[in-house]
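A.B. asks: Okay, structure incoming, though there's no sequence with it:
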């Protein structure tokens with residue numbers, strides 16, 4: 001039987017259908033994604049909540065933080081900081097043989113001893129016990145030495161985030177990782193597991209983007225640093241094991257899991273406002289190739305240089321990303337304000353406007369605000 005080569009259209013369909021699956025329970029959604037990127041900016045909600053609202057049944061803003069202790073997820077680092085199923089931590093730990101920047105070995109051992117046998121603990125309790133001053137962070141702000149010690153111990157897998165209190169991490173001993181440290185996977189198995197997690201999350205993915213993502217694992221799996229530059233060897237092993245499929249589509253090499261078929265029927269012509277870090281739009285190289293325009297995240301750009309807005313949310317209609325929106329729900333106003341711009345869609349078809357209104361109403365319910373202001377269209 002002849003297998004058709006994928007087209008841009010089949011790649012677009014696959015990118016949307018496989019990531020925006022029928023909503024499931026919160027724990028199942030995190031398990032299926034394999035990773036949810038975290039970001040503290042609320043515009044109008046944090047990235048993790050905006051990502052999960054499309055994939056977890058009945059999801060409301062802040063549900064992950066409220067239900068964190070029930071869903072079997074862990075705050076950890078893959079290629080960026082976020083949430084992973086506990087099963088994924090075997091690819092990332094133990095983080096050993098690493099020279100820690102700004103580490104405080106003696107203090108960290110004391111803090112770890114203090115945390116032994118305690119339940120979820122607020123950093124201020126640790127700071128009150130030790131009371132030893134502050135240090136500068138990489139962002140130029142100040143942090144207590146004990147808070148930095150807690151952060152390092154978490155990164156090393158000796159503590160875990162047990163939950164949050166008004167956004168502040170609560171820590172406890174990471175006893176669930178003892179088995180991983182006692183019998184770690186080989187570096188090859190860790191690398192293959194982490195690389196396939198990234199591919200499943202973002203597929204179909206340009207091979208060049210996948211290579212970049214694997215290099216970014218130096219943050220989440222620094223013990224693999226000697227292997228991360230050997231991407232051709234990794235690719236060859238995964239091909240040999242029959243775990244991936246590849247094709248060149250309009251000059252770009254793509255890869256995806258071998259057990260998945262690209263294309264299929266078009267997704268419903270539904271409008272969705274996506275987070276800037278949503279898996280559908282995360283890779284900007286793929287975004288431009290599939291949808292033909294340049295989307296960028298501009299929150300950290302000077303206002304005068306912004307083209308789309310502070311926290312522009314890509315507008316997905318069916319399997320096409322046609323524009324962007326900026327959404328605000330100012331504290332105390334109880335009102336959602338939306339402005340939108342179109343990149344590729346000509347005019348404002350009635351069906352599109354109707355679906356956009358439905359999505360805005362869904363966003364209002366998710367945020368728990370009472371009303372929506374008048375939609376403002378950007379020229």
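C.D. replies: Yep, that arrived. Please read all numbers here as calculations on a predicted model, not as lab measurements.

A.B. asks: residues in contact with residue 126?
C.D. replies: 111, 114-115, 146-147, 149-150, 171 (C-beta atoms under 8 Å, 6 or more residues apart in numbering). Glycine gets a C-beta too; all of them are placed from N, C-alpha and C.

A.B. asks: and which of these is nearest residue 16?
C.D. replies: Comparing the contacts of residue 126 against residue 16 with C-beta to C-beta places residue 171 closest, at 37.9 Å.

A.B. asks: That closest one pairs with what?
C.D. replies: Assessed by DSSP bridges, residue 171 has beta-bridge partners residue 121, residue 161.

A.B. asks: and it, how many residues sit next to it?
C.D. replies: 26 (other C-beta atoms under 10 Å).

A.B. asks: for it, what are its contacts?
C.D. replies: 115, 120-121, 123, 126, 150, 153-154, 159-162.

A.B. asks: hmm, try it at 6 Å
C.D. replies: If you count contacts by C-beta atoms under 6 Å, 6 or more residues apart in numbering, residue 171 has them with 121, 150, 159.

A.B. asks: Isn't residue 71 up against residue 26?
C.D. replies: Yes: Residue 71 is within contact range of residue 26, at 5.2 Å (criterion: C-beta atoms under 6 Å).

A.B. asks: remind me, longest helix of this protein?
C.D. replies: Secondary structure assigned by DSSP state H gives helix 350-367 as the longest helix of the chain.

A.B. asks: mind listing what's buried in it?
C.D. replies: 352, 355-356, 359-360, 362-364, 366-367 (16 or more other C-beta atoms under 10 Å).

A.B. asks: likewise stretch 62-70?
C.D. replies: Within stretch 62-70, the residues that count as buried by 16+ other C-beta under 10 Å are 62-65, 68.

A.B. asks: Residues in contact with it: which ones?
C.D. replies: 48, 163-164.

A.B. asks: what's the average pLDDT for it?
C.D. replies: On average, the pLDDT along stretch 62-70 is 96.

A.B. asks: What of stretch 161-168?
C.D. replies: On average, stretch 161-168 scores 94.

A.B. asks: So which bits of it are buried?
C.D. replies: In terms of neighbour count (16+ other C-beta under 10 Å), stretch 161-168 has its buried residues at 161-164.

A.B. asks: picking that back up, in strands only, show me the contacts of residue 126.
C.D. replies: Among the contacts of residue 126, the ones falling in strands (DSSP state E) are residue 171.

A.B. asks: Which of the contacts of residue 126 fall within helices?
C.D. replies: 111, 114-115, 146-147, 149-150.

A.B. asks: possible to save those residues as TSV with pLDDT?
C.D. replies: Shown next, in TSV, are the ones in helices among the contacts of residue 126 (pLDDT from 0 to 100):
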residue	pLDDT
111	95
114	96
115	97
146	91
147	90
149	93
150	95
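
A.B. asks: between those residues, which is nearest residue 77?
C.D. replies: Proximity of those to residue 77 (C-beta to C-beta) peaks at residue 150, which lies at 15.1 Å.

A.B. asks: what's the closest non-adjacent residue to that closest one?
C.D. replies: residue 171 (5.3 Å; C-beta to C-beta, 6 or more residues apart in numbering).

A.B. asks: circling back: contacts for the longest helix of the chain next, please.
C.D. replies: By C-beta under 6 Å, 6+ apart, the residues outside helix 350-367 that reach it are 44, 53, 60-61, 270-271, 273, 317, 329, 336, 338, 372.

A.B. asks: between the contacts of residue 126, which is nearest residue 7?
C.D. replies: residue 171 (49.2 Å).

A.B. asks: low-confidence ranges in this protein?
C.D. replies: Scanning the chain for pLDDT under 70 picks out the ranges 1-4, 97-102, 133-143, 379.

A.B. asks: need the helices for it, in chain order.
C.D. replies: Using DSSP H, the helices of the chain run over 8-19, 26-33, 47-52, 63-67, 105-115, 123-130, 145-155, 178-182, 187-202, 207-220, 225-228, 231-240, 284-291, 350-367.
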